[in-house]
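Student: coordinates only, sequence not included:
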């Protein structure tokens, strides 16, 4: 019974955290952001929206517009560590 409780607790702790990189430089005048869901049960759309919002806010702080350069996403099935993930490269361009 104790082993089962420990196993379930550990599983919940590991799956309860998503990974977000924040915005980081990715070349000359280019930035990137990466988001990964904590489990395969989350949809790609949620983490995509969060990444777009964070990138857009980053550019708005510079009084610039957000322009996507490249997007890469994981493909289903979302099992065995292949969780929904999005990597966005973007530029902040003058309004």
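Tutor: Looks like it came in fine. Note that the structure is predicted; figures quoted are calculated from it, not measured. Numbers count the residues shown, from 1 in each chain.

Student: what residue ranges in this structure score low on pLDDT?
Tutor: Applying pLDDT under 70 to the chain flags the ranges 1-18.

Student: Can you pull up the most central residue in it?
Tutor: Nearest to the geometric centre of the chain sits residue 35, at 0.8 Å (CA atoms, centre = their mean).

Student: gap between the nearest residue to that one once chain neighbours are set aside and residue 68?
Tutor: Leaving aside its sequence neighbours, residue 35 sits nearest to residue 47 (CB to CB, 6 or more residues apart in numbering; 4.1 Å). C-beta: built from backbone N, CA, C; applies to glycine. Distance from residue 47 to residue 68, counting by CB to CB, to the nearest Å: 15 Å.

Student: out of those two, which sits in the more crowded spot?
Tutor: Each of residue 47 and residue 68 has its neighbours counted (other CB atoms under 10 Å); residue 47 has more, 23 against 11.

Student: Pretty sure the more buried one sits against residue 85.
Tutor: Yes. With contacts counted by CB atoms under 8 Å, residue 47 reaches residue 85, the gap being 7.3 Å.

Student: which neighbours do those two share?
Tutor: Listed as contacting both residue 47 and residue 85 by CB atoms under 8 Å, 6 or more residues apart in numbering are 35-37.

Student: List just the nearest of these to residue 29.
Tutor: Distance to residue 29 across the shared contacts of residue 47 and residue 85 (CB to CB) is lowest for residue 35, with 22.0 Å.

Student: burial of residue 53, as a residue count?
Tutor: Residue 53, neighbours per other CB under 10 Å, totals 12.

Student: Please report phi then psi for it.
Tutor: phi -60, psi -50 (degrees, to the nearest 10).
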